[in-house]
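[1] need a 3D model of the sequence below.
(chains A, B, C and D)
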There are 2 protein chains.
Amino acid sequence: MLDDRKQDVLRAIVQDYVATQEPVGSKALADRHNLGVSPATIRNDMAALEEEGYITQPHTSAGRVPTDKGYRLFVDRLAGVKPLSGAERRAIQTFLAGAVDLDDVVGRTVRLLAQLTHQVAVVQYPSLTRSTIRHVELLTLAPTRVMLVLITSTGRVEQRVMDTPGPVGENLLADVRARLNSRITGKRFADVPLLIQDLAEPFTAEERPIVAGILATLLDTLVEHKEEKVVLAGTANLTRFGMDFPNTIRPVLEALEEHVVLLRLLGEATDPGMVVRIGHENMHEGLAATSVVAVGYGSGQETLAKLGVLGPTRMDYPGTMGAVRAVARYVGQILAES
Amino acid sequence: MLDDRKQDVLRAIVQDYVATQEPVGSKALADRHNLGVSPATIRNDMAALEEEGYITQPHTSAGRVPTDKGYRLFVDRLAGVKPLSGAERRAIQTFLAGAVDLDDVVGRTVRLLAQLTHQVAVVQYPSLTRSTIRHVELLTLAPTRVMLVLITSTGRVEQRVMDTPGPVGENLLADVRARLNSRITGKRFADVPLLIQDLAEPFTAEERPIVAGILATLLDTLVEHKEEKVVLAGTANLTRFGMDFPNTIRPVLEALEEHVVLLRLLGEATDPGMVVRIGHENMHEGLAATSVVAVGYGSGQETLAKLGVLGPTRMDYPGTMGAVRAVARYVGQILAES
DNA sequence: ACTGGCACTCGGCGGGACGGAGTGCCAACC
DNA sequence: GGTTGGCACTCCGTCCCGCCGAGTGCCAGT
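    Numbering: from 1, shown residues only, chains lettered A, B, ... in the order given. Take a look at the predicted model:
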């Protein structure tokens, strides 16, 4: 294991490297942090740390740079989460409170997060699957064309247009609407299929295929949007750091275009547990030099969705984690209120 | 003015420069294009073209590069729009036809455009202001909380939650809903304020403030979303070209984050008229090296919104314009059908 | 009006020298 | 045994220089 001083040295290396973006040497360490020992001693410790795989040198006779393993230890044991200042918290709260609808909440959140962390922010829309149905609306656009609008407890609205096998009267539609709402309002998505399976039965032979079509579309909508929506902001921040451009930035931008990849990045984060995935831990070739800090958010006890940021492995972890956690909390509050 | 051969030379310069990304010299021109004259003659023409400001040399004794003015002439007079192949057209059509709702149409369109042009694609959502109202729905979430859902003729759905000054009965809500729909369904946004201004009058003294609140929220929604929504795709394509990275890409990414800027870029494009804005014509500092090709699209005669692409000034204008125009047409068709 | 020839200019590239930062090791010290 | 100062060594980044080639402008000739 690493004794206390070696851990101090590693911590100092990470901090300095994050601050300067340059390999850090023994002399600079001894100067900037008062570790109470000479550069020579630090050199010995650094050799040990390198032996264990926590740091590495870009080339012989250069300073040391943390490895993914080094950052991992730093995050897990050597640093905490840096809480935001009171002023920052208040700013977040008032900024988010100004939102008018769900789109606005999500949009503000992602921009806020990007600005706070100076990195790329990712926010997933509140999940449909875990939420409940608030209302179903049906309306005719044309004699054989019906629009279905689904409103969820998280404020999300889904729409779908369908063609019916025959003309639909207003009375029939009103009947279906009433039955549908009394059956499934307030129910969870997962329970809907069971609840409506016999809903077409009371109708006449001509009406039944129409009703069945409507039900099928409803079920379709529920399933379809399991694949979740995500939004991004702050891609310009990718250019902030001294990334060696074409090779580093390109694959990251490509990955960000793929919503599937983004969702996997947000990954297993849950409400209280923040996830930090460093470099290769992302299991994605183009993201070997980037880290992801993600956390779930929700209104109340449940995790509705996730949000996070993505930046170079050489990021300010404590600060970033603090910002991500704080934003997640306030979004949760806002959602709970609306 | 420029005689015919000088125009040919300019055209050849633009084509070669776009293809190779390198300054083009007189000898290369004489070789690749059979202009029927010697390099020396071409040199004279080039000197004249430079004199007039159509081309420039990065430094003495290098080849020539088109200026913004040169591209402008090229686009206006020297090149047409390159139509897509039949296979490409069919691919576009089937890809777009698979969309299930408006979000999906827009999402597919923007990805398609990015892929076709290998550039950054921008698509604006169909405008609210020019469309008509298809339906207004009201529903209670809590005794003093009402949700308003607005469905437009372009398939867009807007939602808004409001608190009412007092409890709202279902009967009252149904009454308001019915009156509202009979008054404004099928009407244009711009006409709504006039149409509903006296709608609260028939109600009792207790009801009136509630109804007034609902109407106010409705008007608010109409106004609020004048600022239009846009979506992006293909930012990774920015890295394709030999842009000198940090300085070129950074401001572009920053501009793309600002929806206001994006909307201004799409600018004055209308349905039949395609707009090409080259370099400085964008009137935006960071976009001095980028061009925008934009066009309006719509279902039928009216322009509902705009779409376009953004890329380096050294882009393949005929090809890009062809792709943009084709995609705009097919999106218009799809929207007209749904 | 066009062409061939020629001198000139300038950027890009490779090679070599130099300085500096940082290391590893060793002998001395507490 | 852990810590320290000293020292030789390594290697990168940078600067400088000279060369080469591409391309130009000009001029005299057709």
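[2] can I get stretch A:288-306 in CSV? Just the C-alpha atoms.
    Output of stretch A:288-306 as CSV, limited to C-alpha atoms (Å, rounded to 0.1, in the frame of the first residue of the first chain):
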residue,chain,number,x,y,z
ALA,A,288,-10.1,7.5,-23.7
ALA,A,289,-9.0,11.0,-22.6
THR,A,290,-12.3,12.1,-21.2
SER,A,291,-14.1,11.6,-18.0
VAL,A,292,-17.7,11.7,-17.2
VAL,A,293,-19.3,12.8,-13.9
ALA,A,294,-23.0,11.8,-13.7
VAL,A,295,-25.7,11.6,-11.2
GLY,A,296,-29.4,10.8,-11.1
TYR,A,297,-32.0,13.4,-10.3
GLY,A,298,-35.7,13.1,-9.5
SER,A,299,-38.6,14.7,-7.7
GLY,A,300,-38.7,13.0,-4.4
GLN,A,301,-37.4,9.5,-3.7
GLU,A,302,-37.3,8.3,-7.2
THR,A,303,-34.6,8.7,-9.9
LEU,A,304,-36.4,10.1,-13.0
ALA,A,305,-33.3,10.6,-15.2
LYS,A,306,-29.7,11.5,-15.2
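[3] can that stretch be said to contact chain B?
    No. Judged by Cβ under 8 Å from any Cβ of the partner chain, stretch A:288-306 and chain B are separated, with a smallest distance of 14.0 Å. Where C-beta positions appear, they are placed from N, C-alpha and C, glycine not excepted.
[4] next, count neighbours for the nearest residue to A:Glu285 once chain neighbours are set aside.
    Among residues not flanking A:Glu285 along the chain, A:Pro251 sits closest, at 7.0 Å (Cβ to Cβ, 6 or more residues apart in numbering or on different chains). A:Pro251 is flanked by 19 other residues according to other Cβ atoms under 10 Å in any protein chain shown.
[5] tell me who's in contact with A:Pro251.
    A:285-287 (Cβ atoms under 8 Å, 6 or more residues apart in numbering or on different chains).
[6] give the buried residues for the helix or strand containing A:Asp45.
    Using DSSP states H and E, A:Asp45 maps to helix A:39-52. Residues of helix A:39-52 classed as buried: A:42-43, A:45-46, A:49, A:52 (neighbour count, 16 or more other Cβ atoms under 10 Å in any protein chain shown).
[7] what's the mean pLDDT across it?
    The pLDDT scores in helix A:39-52 average 95.
[8] which outside residues touch the very next helix or strand once past that helix?
    The first helix or strand that comes after helix A:39-52 along the chain, using DSSP H and E, is strand A:55-56. Residues outside strand A:55-56 that contact it (Cβ under 8 Å, 6+ apart): A:10, A:13, A:46, A:49-50, A:64-67, A:70.
[9] can you list the strands that strand A:55-56 pairs with?
    Applying DSSP bridges, strand A:55-56 is found paired with strand A:65-66 (antiparallel).
[10] does DNA strand D sit close to the partner strand?
    No. Strand A:65-66 stays clear of DNA strand D (Cβ under 7 Å from any atom of the strand), getting no nearer than 12.4 Å.
[11] pull the next helix or strand along the chain from that strand out as PDB, backbone CA atoms only.
    On the C-terminal side of strand A:65-66, the closest following helix or strand by DSSP H and E is helix A:68-73. What follows is helix A:68-73, C-alpha atoms only, in PDB (Å, rounded to 0.1, in the frame of the first residue of the first chain):
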ATOM      1  CA  ASP A  68      -6.400   6.900 -15.000                       C
ATOM      2  CA  LYS A  69      -5.600   4.800 -12.000                       C
ATOM      3  CA  GLY A  70      -4.100   7.800 -10.300                       C
ATOM      4  CA  TYR A  71      -7.200   9.900 -10.900                       C
ATOM      5  CA  ARG A  72      -9.300   7.000  -9.700                       C
ATOM      6  CA  LEU A  73      -7.500   6.900  -6.400                       C
END
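[12] circling back to that earlier point, could you turn the buried ones of the contacts of A:Pro251 into a PyMOL selection?
    Written as a PyMOL command, the selection of buried residues from those, which uses 16+ other Cβ under 10 Å, is:
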select buried, chain A and resi 286+287
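[13] what parts of chain A come near chain B?
    Contact residues, chain A versus chain B (Cβ under 8 Å from any Cβ): A:100-102, A:134-135, A:137, A:139, A:141, A:147, A:149, A:151, A:155, A:157-161, A:224, A:233-236, A:238-239, A:245-246, A:249-250, A:253-254, A:256-257, A:338.
[14] can you flag the buried ones in those residues?
    By neighbour count, with 16+ other Cβ under 10 Å, those hold A:100-102, A:134-135, A:137, A:139, A:141, A:147, A:149, A:151, A:155, A:157-161, A:233-236, A:238-239, A:245, A:249-250, A:253-254, A:256-257, A:338 as buried.
[15] let me see the mean pLDDT of whichever strand or helix holds the residue nearest to A:Glu285.
    In the assignment (DSSP H and E), A:Pro251 maps to helix A:245-257. Mean per-residue pLDDT for helix A:245-257: 84.
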